[in-house]
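Peer 1: sharing a model that was predicted from the sequence below.
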Number of protein chains: 4
Amino acid sequence: MIKVGIVGGTGYTGVELLRILATHPDAQLTAITSRKEDGLPVADMYPSLRGRVQIAFSSPDKANLTQCDVVFFATPHGVAMAQAQELLAAGVKVIDLAADFRMKDVAQFEKWYGIPHTCKDVLAEAVYGLPELNRDAIRSARVIGNPGCYPTTMQLGFAPLLQAKVIDAGSLIADCKSGVSGAGRKAEIGILFSETSDSFKAYGVSGHRHTPETIEQLQRMSDQPVGLLFTPHLVPMIRGMHSTLYARLTADVSNEQLQALFEQAYRNEPFVDVMPFGSHPETRSTRGSNMLRIALHRPNNGNTVIVLVVQDNLVKGASGQAVQCMNLMFGLPETTGLMHVPVLP
Amino acid sequence: MIKVGIVGGTGYTGVELLRILATHPDAQLTAITSRKEDGLPVADMYPSLRGRVQIAFSSPDKANLTQCDVVFFATPHGVAMAQAQELLAAGVKVIDLAADFRMKDVAQFEKWYGIPHTCKDVLAEAVYGLPELNRDAIRSARVIGNPGCYPTTMQLGFAPLLQAKVIDAGSLIADCKSGVSGAGRKAEIGILFSETSDSFKAYGVSGHRHTPETIEQLQRMSDQPVGLLFTPHLVPMIRGMHSTLYARLTADVSNEQLQALFEQAYRNEPFVDVMPFGSHPETRSTRGSNMLRIALHRPNNGNTVIVLVVQDNLVKGASGQAVQCMNLMFGLPETTGLMHVPVLP
Amino acid sequence: MIKVGIVGGTGYTGVELLRILATHPDAQLTAITSRKEDGLPVADMYPSLRGRVQIAFSSPDKANLTQCDVVFFATPHGVAMAQAQELLAAGVKVIDLAADFRMKDVAQFEKWYGIPHTCKDVLAEAVYGLPELNRDAIRSARVIGNPGCYPTTMQLGFAPLLQAKVIDAGSLIADCKSGVSGAGRKAEIGILFSETSDSFKAYGVSGHRHTPETIEQLQRMSDQPVGLLFTPHLVPMIRGMHSTLYARLTADVSNEQLQALFEQAYRNEPFVDVMPFGSHPETRSTRGSNMLRIALHRPNNGNTVIVLVVQDNLVKGASGQAVQCMNLMFGLPETTGLMHVPVLP
Amino acid sequence: MIKVGIVGGTGYTGVELLRILATHPDAQLTAITSRKEDGLPVADMYPSLRGRVQIAFSSPDKANLTQCDVVFFATPHGVAMAQAQELLAAGVKVIDLAADFRMKDVAQFEKWYGIPHTCKDVLAEAVYGLPELNRDAIRSARVIGNPGCYPTTMQLGFAPLLQAKVIDAGSLIADCKSGVSGAGRKAEIGILFSETSDSFKAYGVSGHRHTPETIEQLQRMSDQPVGLLFTPHLVPMIRGMHSTLYARLTADVSNEQLQALFEQAYRNEPFVDVMPFGSHPETRSTRGSNMLRIALHRPNNGNTVIVLVVQDNLVKGASGQAVQCMNLMFGLPETTGLMHVPVLP
């Protein structure tokens, strides 16, 4: 059994880790920290876990995380970088669901997250945790920077096109929509029910921190300088993410060839579903599961290909992906504990 | 492996059966019928099942249901009673999620469902499929009438009080609230998004077919004539049911004694969670799972006890309960394939 | 023109006052206070008011409220009682949307609101602002305690029955459901979108501050000691309130007589709509309007009458009712500025 | 008083016309037709109109529409073209909320709507009812083709840029999102609450009938051939539309100049609100009102301008715009009866 610790388990990615790990056959929840909730049984905060998760929150000083085999950080940005070194020294693997270990470009990190990066050594060895594009490196990693939710969809949606060099990498557009849980479990007016329900809006249109993360990764697939417009929107739903990606074709390819690029790229992927050409995936078709679905369109057989990508932002976009990385790091079958069938309706 | 057939798998209880059975270790989906969708892969109608459920709908004449070990009817009322006899004759067990085999009182059935009961022989041997109150009979049953969603909450909420004879059985009130999926997957104006979202209403206040079903069962627990006012309401949510039950105390019992009645009654039940006295269970704490949660209140220590009961109407209120019955009927551990952790948020 | 001041206009009852008063032909928005938002144009906080409301928030010391004809308090409990005396002394009328002037029973106020009542003189002359039951007193009042949202529905729903002495006043049950806006615009985890959407729960079942307020008013209509069980629930919708009231009949009355009691009581009321016997009012049929709708049921012609009451909790349940009181206090036709047609769908 | 008839008042644009016209000071509801609901008081179908709209539906043969001054068609496509000629001959003006008189290009109409156009004479004189771009023609029109909801946002969002010739007209992208009411009030599975709530999807990505309508109008503003990719999405909200428009700049313009283009274009428009550069308009800021709001963004000061446009799809996107046209056709102030303040929250 893998002894698992979680730092910061009171947010949505934290409780989602708990939901997944509670039925993971090879994982044993060993410690979960929360300074504020020390002593509180996890199931008292989240009654959905009553009878299924027995441990209580403990304050960081009592949690003894160095006895774990792996520690997940489901914390705000900046926490993992303060604790990673000590854990690694004790032989504990680290998976950070925040941004501390996502971007190699420290200047970009510091610009967008507004805090100095205090752990550049660890950053240097950290591996970007997107298994479909980075599987081998994850297998041997000690530290994972788990991808952002939006970046997961953008990378898996653009990758086959960039790798095949059939699109203009300099004029990518990603019009993305997320459920409200993506904003986290924070006491903020802007994400109240009465503020977000029955309404729709864009946010961060002039600039969002997921842009540099995504560009850094996409650039690895292209010789051409990557240009990306990323426009996030807030949808009145709890979970779910839908990215509508626009790319200008630069090569003479048929629709069948486009479809084949994707089917080929993901033919062995357990968590990427390439739907028939012209499909309209719904976010609910991934609810509660680690699946990500992709469908291609090409209006009027013109020179723009539209890629629709959906996922559950808390699973494939966060905690499920993190467990997928854990499975790889510990030599388990990649799908272990992750075969939830989506909850629909 | 239990060979499972499903009649009428295109509705919400049908797709929920598929979701549950897709990961049930001892069940094998063998046939699923739909006259209209003959030949259509199930996963084409429900993309959430892509890669997880391989079979296609077939028309009833081709489905060869008599080769199954058990057939679930996820159909409108009246279908199961037309086919049950033939299946039983072939040694197939039958679990009906509709009302055909719920009520022993044929007159009541015919009054409330508006169709003649054409299968009284089978009805006579049919067992009411509420395991917590009827476990032994279910184990040896050939035919199950799976309880209605509302009746499940009312029975499990009132039972300990009635059995202990501490309330007035003649003046029960059940003010119940259901998510919209309870109305099924039918092309009807009244359950459109734009009709039900951001609104709340009661329906069927002057009379609802779940009243006689519930009274028939509650009467088995009481010498006194049962009187029940049942008021259903429609909540703008997909899944979830919340019943607020009012009972007048007729005995001098303390709150601790009341709480003990429930904890005692359900202490070995894997799917009934008695929460601490004074809790406020949320429907989402059961979403996607077979759990039902109960909490007691007694305002001002007065003579009325309020029982709050929540469940997922499609799982414990329908398909999960049906699989729970199947497990009992085939001698499997009762929780087999039913240990989903609720999806929250 | 009536010069209107608003204290605390940043919450939902505040912005709703602004929406209504912006098109009120006899009211002129003169001042709106907010310590935190001093100088901010109201329309910058609420873009829905762009081009329609020109004034800016000002800090209390600059607002010069004594120049107003009337001041509304859309504040937390305790604010109005600190400022009422000074305003009254300056000849300004006061309408408090919080609880400071609702209950004559100071001990009950202090018990339920947890603060001492510091303004008992004003409380003594304050008038309970429910026009349908208290119209004459409101006309000549200088201070109004605007009713709570739930109490409005309970009083208008029970009043005709109590006044006609046909029910047992000692065993009233009110099972009530409110949209989330009723909890106000506060940065609290419990009312986040991801916490309340797609779920349903009761709260405050063991005791809620609207119970003593309602009992104090209902007691005025009955010789018998009033007993009331009030159970509030939270509905995943923004606006809307639905109260399901249960009363035990003590007199031999026909359904026609019951219906006549209500039609008679409210026959001249512009904002109370008695629907045909057996109707199921939807909250959306009042959305954005000052209407309250009532429908009666009597299952099985038994001895319990069920009264269904719906309203928009922010309008008839709060700000619309306050403007209705203002109209009365200033001798205007009661419906002035309040004839919005409900927004449906 | 303008005598108003409505054909097909049972859908959402119909009831929205009723809501607006019920308080329009110069309009008198004279007739409303529905073959199926003949004799039913309108307020029985829509209780929100109880006490506010007195007329009943009548079958077309009884309705005597030729006595009206204007007839609105809130019907499926194809109905207005069958009745327009007779009404015009009787001196009645016609405003069609469907597509019959929107597109001059008959071949395009027939291709996208799948029915032959049987009324080309009337089509020839019909005026496209977008007041901000076509005011003078509307004033003198006898027949109005009221714009589609999406096309309204796309035209008002792109127009200032096209007219100023600062963008590439050949590569426009419109990523648009609509509330579910845009799909109408039809008994269809796909728009059930349980199918659309808590989910998000694109639809019609490979081709949608609002594309040719929009291109026909945009082409009037540009010498360059217009190329438009239009991608509609379905949002789990009742009302509201958000269009995210992408245009490639071809001229050297500053952000201030871009902003000035829009402020100049709409400086006298009562129903178009140009928000400060960089704003994020929410659909709810227009709920229930005829306002449309626009905000500009230019990420990284690059060569793409992003225009965010929001409106209430049933008001400015349909019925409010139709009444705006009526006001112009009858020489009334354009804002008459249309000054509803948006309902927020």
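Peer 2: Received, thanks.
Peer 1: what sits up against the least confident helix or strand in chain A by mean pLDDT?
Peer 2: Using mean pLDDT, DSSP states H and E, the weakest-scoring helix or strand in chain A turns out to be helix A:60-63, at a mean of 88. The contact list for helix A:60-63, computed with Cβ atoms under 8 Å, 6 or more residues apart in numbering or on different chains, reads A:5, A:7, A:31-33, A:35, A:38. Where C-beta positions appear, they are placed from N, C-alpha and C, glycine not excepted.
Peer 1: ok, now stretch A:120-133?
Peer 2: By Cβ under 8 Å, 6+ apart, the residues outside stretch A:120-133 that reach it are A:81, A:84-85, A:88, A:94-95, A:100-102, A:104, A:106, A:117, A:134, A:137-138, A:141-147, A:152, A:155-156, A:159, A:217, A:266, A:269, A:271-272, A:321-322, A:324-325, A:328, A:334.
Peer 1: and those residues, which are buried?
Peer 2: Buried residues within those, defined by neighbour count using 16 or more other Cβ atoms under 10 Å in any protein chain shown: A:81, A:84, A:88, A:94-95, A:100-102, A:117, A:134, A:137-138, A:141-147, A:152, A:155-156, A:159, A:217, A:266, A:271-272, A:321-322, A:324-325, A:328, A:334.
Peer 1: A strand includes residue A:308, no?
Peer 2: Yes. The assignment for residue A:308 by DSSP: H, G, I helix; E, B strand; the rest coil puts it in a strand.
Peer 1: and for the closest residue to it other than its chain neighbours, the neighbour number?
Peer 2: Excluding the flanking residues, the one nearest residue A:308 by Cβ to Cβ, 6 or more residues apart in numbering or on different chains is residue A:295, at 4.7 Å. For residue A:295, the count of nearby residues is 24 (other Cβ atoms under 10 Å in any protein chain shown).
Peer 1: does residue A:295 count as helix, strand or coil?
Peer 2: Secondary structure, three-state DSSP: residue A:295 is strand.
Peer 1: could you list the buried residues of the least confident helix or strand of chain A?
Peer 2: By neighbour count on 16+ other Cβ under 10 Å, the buried set for helix A:60-63 is A:60, A:63.
Peer 1: centre of the chain to that helix, how far?
Peer 2: Counting by Cα atoms, centre = their mean, to the nearest Å, helix A:60-63 is centred 27 Å from the centre of its parent chain.
Peer 1: could you do stretch A:21-40 as well?
Peer 2: That offset, for stretch A:21-40, works out to 20 Å (Cα atoms, centre = their mean).
Peer 1: next one: stretch A:36-55
Peer 2: What separates the centre of stretch A:36-55 from the centre of its chain is 25 Å, taken as Cα atoms, centre = their mean.
Peer 1: follow-up on the earlier one: any chance of TSV for the contacts of helix A:60-63, columns secondary structure, neighbour count and pLDDT?
Peer 2: Below are those laid out as TSV (DSSP: H, G, I helix; E, B strand; the rest coil; neighbours: other Cβ atoms under 10 Å in any protein chain shown; pLDDT from 0 to 100):
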residue	secondary structure	neighbour count	pLDDT
A:5	strand	24	98
A:7	strand	24	96
A:31	strand	23	95
A:32	strand	26	96
A:33	strand	25	94
A:35	coil	11	87
A:38	coil	15	93
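Peer 1: which of those residues lies closest to chain B?
Peer 2: Minimum distance to chain B across these is 15.4 Å, recorded for residue A:32 (Cβ to the nearest Cβ).
Peer 1: that's all I had, so thanks and see you.
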